[in-house]
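A.B. asks: structural data only, the sequence is not supplied:
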């Protein structure tokens with residue numbers, strides 16, 4: 001039986017949302033691309049897709065209505081273990097005075113930015129650089145997400161022998177190398193590197209989150225919200241990558257996520273540390 005520490009638990013739990021990331025592109029590709037006719041304005045396939053999504057969400061909502069949730073207690077009200085993750089070692093500090101928290105917010109912003117940019121242009125890269133049809137590129141997108149699922153489980157296991165911040169920094173460095181290879185447009189070597197980005201990306205969101213909320217005591221819940229708000233990076237970066245892709249090509253646009261991974265590397269290598 002594994003003993004999972006906080007960083008491992010978050011990664012293990014997040015592993016299962018990758019299943020949705022696999023099913024989503026598979027279903028979307030089937031409805032939107034397989035029966036697509038160039039120049040057609042028929043939106044029947046789009047309507048069917050959203051009816052399916054709406055039906056699934058409704059079934060989930062109904063299922064959860066029958067779940068009995070036990071009474072919740074404030075996990076920060078009483079501290080019995082001096083080494084616990086939620087103990088604020090400097091109770092006089094305000095939330096934004098914690099350096100590791102501020103870096104976690106920045107790292108999460110750039111992490112989601114890199115993720116969204118990479119995902120947004122994956123099919124475009126396969127279509128333009130590899131000559132894939134849209135259906136074939138969509139099929140590879142399912143594989144792309146399956147690789148992330150594998151990365152989460154493997155990353156959770158590796159955290160038993162490698163410290164989470166060290167693993168985070170190592171994976172960020174690996175993605176810098178992968179982005180450089182992708183940007184060269186070398187055919188299959190570059191496309192395999194593009195697939196590998198999702199493997200190394202896999203542990204980043206949950207690990208940054210877990211490291212960012214350590215030793216924040218009563219600030220933990222508020223800090224969780226701020227770190228989660230890093231998803232706003234996903235709204236900005238695809239636009240920037242799109243502008244670059246329009247001017248210098250889709251392959252060279254993959255130089256941009258390197259900036260994001262440098263910030264994540266800095267957080268995992270140094271700035272994750274809780275300062276007393």
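C.D. replies: Okay, I see it. Since the model is a prediction, treat every value here as computed from it, not as a measurement. Numbers count the residues shown, from 1 in each chain.

A.B. asks: residue ranges of the helices in the stretch 1-150 of the chain, please?
C.D. replies: Counting by DSSP state H, counting those that start in this stretch, the segments of the stretch 1-150 of the chain that form helices are 6-15, 17-28, 44-65, 99-120, 122-129, 134-158.

A.B. asks: can you get me a residue count around residue 99?
C.D. replies: Summarising burial for residue 99: neighbours were counted as other Cβ atoms under 10 Å, giving 14. All C-beta spots, glycine's among them, are computed from the backbone N, C-alpha and C.

A.B. asks: same deal with residue 253?
C.D. replies: When neighbours are defined as other Cβ under 10 Å, residue 253 has 26 of them.

A.B. asks: identify the residues contacting the residue positioned nearest the centre of the chain.
C.D. replies: Of all residues in the chain, the one closest to the mean position by Cα atoms, centre = their mean is residue 205, 4.9 Å from it. Contacts of residue 205 were listed using Cβ atoms under 8 Å, 6 or more residues apart in numbering, and they are 14, 108, 111-112, 115.

A.B. asks: could I get the residues you listed as a markdown table with neighbour count and pLDDT?
C.D. replies: Supplementary listing: the contacts of residue 205 in a markdown table, determined by neighbours: other Cβ atoms under 10 Å; pLDDT from 0 to 100:
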| residue | neighbour count | pLDDT |
| --- | --- | --- |
| 14 | 20 | 65 |
| 108 | 26 | 97 |
| 111 | 29 | 97 |
| 112 | 24 | 96 |
| 115 | 22 | 94 |
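
A.B. asks: nearest to residue 216 among the residues you listed?
C.D. replies: Using Cβ to Cβ, residue 108 comes nearest to residue 216 of the contacts of residue 205, at 14.8 Å.

A.B. asks: pretty sure that closest one sits against residue 230.
C.D. replies: Yes - counting by Cβ atoms under 8 Å, residue 230 is a contact partner of residue 108 at 3.0 Å.

A.B. asks: what do the two both touch?
C.D. replies: Both residue 108 and residue 230 are in contact with residue 208, where contact means Cβ under 8 Å, 6+ apart.

A.B. asks: related to what we said a few turns ago, what is the nearest of the contacts of residue 205 to residue 211?
C.D. replies: Distance to residue 211 across the contacts of residue 205 (Cβ to Cβ) is lowest for residue 108, with 10.2 Å.

A.B. asks: where's that closest one relative to residue 209, distance?
C.D. replies: Residue 108 sits 7 Å away from residue 209 when distances are taken as Cβ to Cβ, to the nearest Å.

A.B. asks: which neighbours do the two share?
C.D. replies: Among the neighbours of residue 108, those also in contact with residue 209 (Cβ under 8 Å, 6+ apart) are 227-228.

A.B. asks: picking that back up, out of the contacts of residue 205, which one sits closest to residue 236?
C.D. replies: Proximity of the contacts of residue 205 to residue 236 was ranked by Cβ to Cβ; the top entry is residue 112 with 9.6 Å.

A.B. asks: mind listing what the closest one touches?
C.D. replies: Counting by Cβ under 8 Å, 6+ apart, residue 112 touches 205, 230-234.

A.B. asks: and if you look at residue 259?
C.D. replies: Residue 259 makes contact with residue 110, according to Cβ under 8 Å, 6+ apart.

A.B. asks: dihedrals phi and psi, it?
C.D. replies: The main-chain torsion angles of residue 259 are listed as degrees, to the nearest 10 and equal phi -60, psi -40.

A.B. asks: with residue 186 instead?
C.D. replies: Here the main-chain torsion angles of residue 186 (degrees, to the nearest 10) amount to phi -90, psi 20.

A.B. asks: let's see the pLDDT reported for it.
C.D. replies: According to the predicted model, the pLDDT of residue 186 comes to 96.

A.B. asks: measure it to residue 54 for me?
C.D. replies: Spatial separation of residue 186 from residue 54 under the definition Cβ to Cβ is 42 Å.

A.B. asks: pick out whichever of the two has more residues nearby.
C.D. replies: residue 186 (14 against 10).

A.B. asks: for residue 159, see how far away that one is.
C.D. replies: When distance is defined by Cβ to Cβ, residue 186 is 32 Å away from residue 159.

A.B. asks: excluding sequence neighbours, find me the nearest residue to residue 219.
C.D. replies: Distances taken as Cβ to Cβ, 6 or more residues apart in numbering put residue 95 closest to residue 219, at 4.3 Å, once the chain neighbours are dropped.
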